[in-house]
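Engineer: Fold the following and give me the result.
(2 chains)
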Amino acid sequence: MPALLEVDGLSKSFSGLRAVSNLTFSVGQGELAALIGPNGAGKTTCFSMIAGVIRPDAGRVHLDGRRVDGLRADQICRAGVGRTFQVVKPFAGLSVLDNVIVGALNTHRTVAGASRAADEVLDLLGLAAKRGHPAASLTLPERKRLEVARALATGPRLLLLDEVMAGLRPTEIDLMVQVLRDLNARRGITILLIEHVMRAVMALARRVIVMHHGEIIARGTPQEVTRNPAVIESYLGEEAV
Amino acid sequence: MIATLVADVPRRGLVLLLLLLAALVAAPLLVNDYLLTVLILILYFAYAGQAWNIMMGFAGQLSLGHALYVGLGAYTAAALFFHFGLSPWISLPLALAVSGLVGAIMGLLAFRFGVAGVYFAILTIAVAEFARIGFDHWSWVGGSAGLFVPVANYTQNDLWTLRGSPRMFYYVILALTVLALLVCRLLLKSRAGYYWQAIREDEDAARALGVNTFRYKMYAVVLSAAMTSLAGIFFAFYYNNLFPEQVFTIGRSIELILGPIIGGLGTLIGPIVGAFLITGLAEALHEAMLRIGIDVPGAKQVFYGVCLLVVVMALPHGVWPPLRRLLGLDPKTSGKGKA
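Structural biologist: So this is what the prediction gives:
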């Protein structure tokens, strides 16, 4: 599997605190991988550096062989990376459809074309019935789906999903798992997700990277990492075994 | 383009809008001279409010110094007419360019160096104040003694030099207001409109969706500045005199933004409704007070303040959104049908 995303030696400190240190990993073309770890492990910081929101202190990021660290967030989006925010950021005053149209305009020349593409994405994520509603009126699970819909509408090759399952009920999680699996299988979209919901991680990810204190402490299949003593101690806890 | 203009506007809204337009076109035949000057003032604020609304209402960038662009447009056209007898229509491109350029410089400084929100608003006030002081000392445009556009003995309306009766000025500003409404409607339904609103709602999220926020904020500032300076040209030729102390003062900037705030920020009809409400009521109040023999200086300003207070507290989204609901013009929110 050729690597779509290559992260090499990425480091970031915030006023002396090493949030991420010397992080190296890659995600293959068409892969579905998960980044897990306790709160404060540096997962979101890692996403922010890949997405161009935070400038790394050191290290390099390559997307499909092209160096992308140092680019702005909008340039990285145009290079083919869609991302969601852990704390959802809907355009509250706009309708659900208009929210997604903004994303779709990334790859569509006309508003009419973007609008059609946005409707397809809304269908896919089960938000079609809400298309005319203001985003402010959505429930949290719906807002999570809107985050995914918007990111997906940008036409990404790589989706970075930051805790899109948090706050969802088990049936909603299964629905989201199904949607992501379909996107990966049918459209070949590579997905890297940050997730605490192990139910989703186990169901989705073929490979898991575990972070702790800004470093990678384990990597492997979901089964492998959940048996890893270091992972159990730092993150999963004894009862998860 | 026509299709974009009217697409998903409720039929009833379109009819109401056309009725209003018909009434406004017929108005000069029906009202007296005083009411005509009030209508001119209302449309002037509707036009300028629409221009300001692009920046604040659409793109979320608060300018409290838009009198700057009114003044730049006014002075550019008036000075060229005064010194060289140039028609304001010939000065127009230059006036738009000057305002656009000043807006671009301010935007460049602010957006490049992350000056945002309140600090950006302060910057806009500061630049307008600089202009006020600068023009006060610039003798070529009359300095603090003012610049007077020659009135001469024009016995008939001359659209080319904008010399004529109030009726002519009324139709000019009506045309500008209609034009601004159409332009803003097209803008709002374009890529820029979507991107501006995204920036207004959440700039980080907009960036993550591929929006070059710097570029689109620049578009908003330049466009809003240029459109506002057109109001300035009208102002100069309608009032025939310009004093830096009056043109660039912050009071002028505030006056300009009351309409869209009271009418409804970011809406297309809000600036028009707001202008009718605030200017109409303020003039009515003024007239009523004169009738009963009270002439309190500053009563209008107090009235503006009260209006703003009431709207901010009771109708935080302005008068138009609830009014729209009342008129049954709200876009449908449910189902798959075209909203």
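
Engineer: Look at the residue sitting nearest the centre point of chain B and give its secondary structure.
Structural biologist: Centrality entry for chain B: nearest residue to the mean C-alpha point is B:Ala48, 1.1 Å, by C-alpha atoms, centre = their mean. The local conformation at B:Ala48, judged by DSSP: H, G, I helix; E, B strand; the rest coil, is helix.

Engineer: correct me, but it touches B:Ser229?
Structural biologist: No: counting by C-beta atoms under 8 Å, B:Ala48 sits too far from B:Ser229 to count as a contact (10.0 Å). Every residue, glycine included, has its C-beta placed from N, CA and C.

Engineer: Mutual contacts of the two, please.
Structural biologist: Counting by C-beta atoms under 8 Å, 6 or more residues apart in numbering or on different chains, the contacts common to B:Ala48 and B:Ser229 are B:Val70.

Engineer: Now residue 206: closest residue in space that isn't a chain neighbour?
Structural biologist: This is for chain A. A:Leu32 (5.7 Å; C-beta to C-beta, 6 or more residues apart in numbering or on different chains).

Engineer: let's do chain B instead
Structural biologist: The shortest distance from B:Ala206 to any non-neighbouring residue, by C-beta to C-beta, 6+ apart, is to B:Ala198 (3.9 Å).

Engineer: helix/strand/coil for B:Ile227?
Structural biologist: I think there's a mix-up here, since residue B:227 is Met and not Ile. helix.

Engineer: Next one: it relative to B:Gln50, how far apart?
Structural biologist: Noted for B:Met227: a distance of 8 Å to B:Gln50, by C-beta to C-beta, to the nearest Å.

Engineer: cool, A:Ser48 as well?
Structural biologist: As for A:Ser48, its distance to B:Gln50 is 38 Å (criterion: C-beta to C-beta).

Engineer: With A:Val201 instead?
Structural biologist: Using C-beta to C-beta, A:Val201 is found at 52 Å from B:Gln50.

Engineer: just how off-centre is whichever strand or helix holds B:Ile105 within its chain?
Structural biologist: Using DSSP states H and E, B:Ile105 maps to helix B:88-112. Chain-centre distance of helix B:88-112: 16 Å, with C-alpha atoms, centre = their mean, to the nearest Å.

Engineer: now that helix: mean pLDDT?
Structural biologist: Averaging pLDDT along helix B:88-112 gives 95.

Engineer: That helix near chain A at all?
Structural biologist: No: when contact is scored as C-beta under 8 Å from any C-beta of the partner chain, no part of helix B:88-112 falls within range of chain A; the minimum is 12.6 Å.

Engineer: show me where chain B has strands.
Structural biologist: For chain B, the strands defined by DSSP state E cover B:147-148, B:241-242.

Engineer: ok, now chain A?
Structural biologist: Using DSSP E, the strands of chain A run over A:3-14, A:17-28, A:32-36, A:58-63, A:66-67, A:81-83, A:158-162, A:190-194, A:207-212, A:215-220.

Engineer: and the most centrally placed residue in chain A, what does it touch?
Structural biologist: For chain A, the residue nearest the mean C-alpha position is A:Leu161 (1.6 Å; C-alpha atoms, centre = their mean). Residues in contact with A:Leu161 (C-beta under 8 Å, 6+ apart) are A:Arg83, A:Thr84, A:Val148, A:Ala151, A:Leu180, A:Ile191, A:Leu192, A:Leu193, A:Ile194, A:Glu195.

Engineer: at 7 Å instead, please
Structural biologist: A:Thr84, A:Val148, A:Ile191, A:Leu193, A:Ile194 (C-beta atoms under 7 Å, 6 or more residues apart in numbering or on different chains).

Engineer: Let me know how buried residue 16 is, in neighbour terms.
Structural biologist: I'll assume chain A. By other C-beta atoms under 10 Å in any protein chain shown, 5 other residues sit near A:Gly16.

Engineer: that's the other chain; I wanted chain B
Structural biologist: The number of residues packed near B:Leu16 is 14, by other C-beta under 10 Å.

Engineer: Nearest residue to it in space, please, no chain neighbours.
Structural biologist: Leaving aside its sequence neighbours, B:Leu16 sits nearest to B:Leu327 (C-beta to C-beta, 6+ apart; 7.0 Å).

Engineer: mind listing the helices in chain A by residue range?
Structural biologist: Per DSSP state H, chain A carries helices over the ranges A:43-50, A:73-78, A:96-104, A:111-124, A:140-153, A:170-187, A:198-204, A:222-227, A:229-231.

Engineer: So which of those helices is nearest A:Leu23?
Structural biologist: A:Leu23 lies closest, by C-beta to C-beta, to one member of those: helix A:43-50, at 6.0 Å.

Engineer: and the closest one, what does it pack onto?
Structural biologist: strand A:3-14, strand A:17-28, strand A:158-162, strand A:190-194 (3 or more C-beta pairs under 7 Å, 6 or more residues apart in numbering or on different chains; DSSP states H and E).
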